[in-house]
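Novice: sequence first, then the predicted structure:
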Amino acid sequence: MAILGRVGTDVVGVDVHPLVSPDDAPALPAELPESVQATVGSGYYDAWWPGAGGQFELTIHLADGSTIERLRAFAHDR
């Protein structure tokens, strides 16, 4: 799975947290990572890992040392 997005100039790091619903769990690898550190540069972030996709949360690291924890990357209502 891969994810790519835009970031502001004050973003120095992004951690991607794949979310797994109980319905998806049997189809996913047993060792799906809890978080993946994204590459950040030129106004974008990107990350990849083996396995399926779905919903994500992001932890954003800012240049001033502050952190914004676990933002939903996509809003999705079923």
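Specialist: Ah, there it is. Numbers count the residues shown, from 1 in each chain.

Novice: could you state which residue of the protein sits nearest its centroid?
Specialist: Val16 (2.1 Å; CA atoms, centre = their mean).

Novice: who does it bridge with?
Specialist: Val36, Leu58 (DSSP bridges).

Novice: against Ala63, how distant is it?
Specialist: 19 Å (CB to CB, to the nearest Å). (Glycine included, C-beta is placed from N, CA and C.)

Novice: before we move on, the earlier item: now do the contacts for the residue nearest to the centre of the chain.
Specialist: 3, 35-38, 47, 56-58, 73 (CB atoms under 8 Å, 6 or more residues apart in numbering).

Novice: from those, list just the buried residues.
Specialist: 3, 36, 38, 47, 56-58, 73 (16 or more other CB atoms under 10 Å).

Novice: export stretch 63-72 as PDB, just CAs?
Specialist: Taking C-alpha atoms only, stretch 63-72 is exported to PDB below (Å, rounded to 0.1, in the frame of the first residue of the first chain):
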ATOM      1  CA  ALA A  63       9.300  22.500  12.600                       C
ATOM      2  CA  ASP A  64       8.600  24.200  16.000                       C
ATOM      3  CA  GLY A  65       8.800  20.800  17.700                       C
ATOM      4  CA  SER A  66       5.100  20.400  18.200                       C
ATOM      5  CA  THR A  67       3.100  17.300  17.100                       C
ATOM      6  CA  ILE A  68      -0.400  16.900  15.900                       C
ATOM      7  CA  GLU A  69      -1.500  13.400  16.800                       C
ATOM      8  CA  ARG A  70      -3.500  10.900  14.800                       C
ATOM      9  CA  LEU A  71      -5.500  12.900  12.300                       C
ATOM     10  CA  ARG A  72      -7.800  11.000  10.000                       C
END
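
Novice: same question for it: list its buried residues.
Specialist: Result for stretch 63-72 [16+ other CB under 10 Å]: no buried residues.

Novice: can you name the residues that contact the closest residue to Gln37 other than its chain neighbours?
Specialist: Nearest residue to Gln37 in three dimensions, chain neighbours excluded: Asp15, at 5.7 Å (CB to CB, 6 or more residues apart in numbering). When contacts are counted by CB under 8 Å, 6+ apart, Asp15 touches 35-38, 58-59, 61.

Novice: that's all I had, so thanks and see you.
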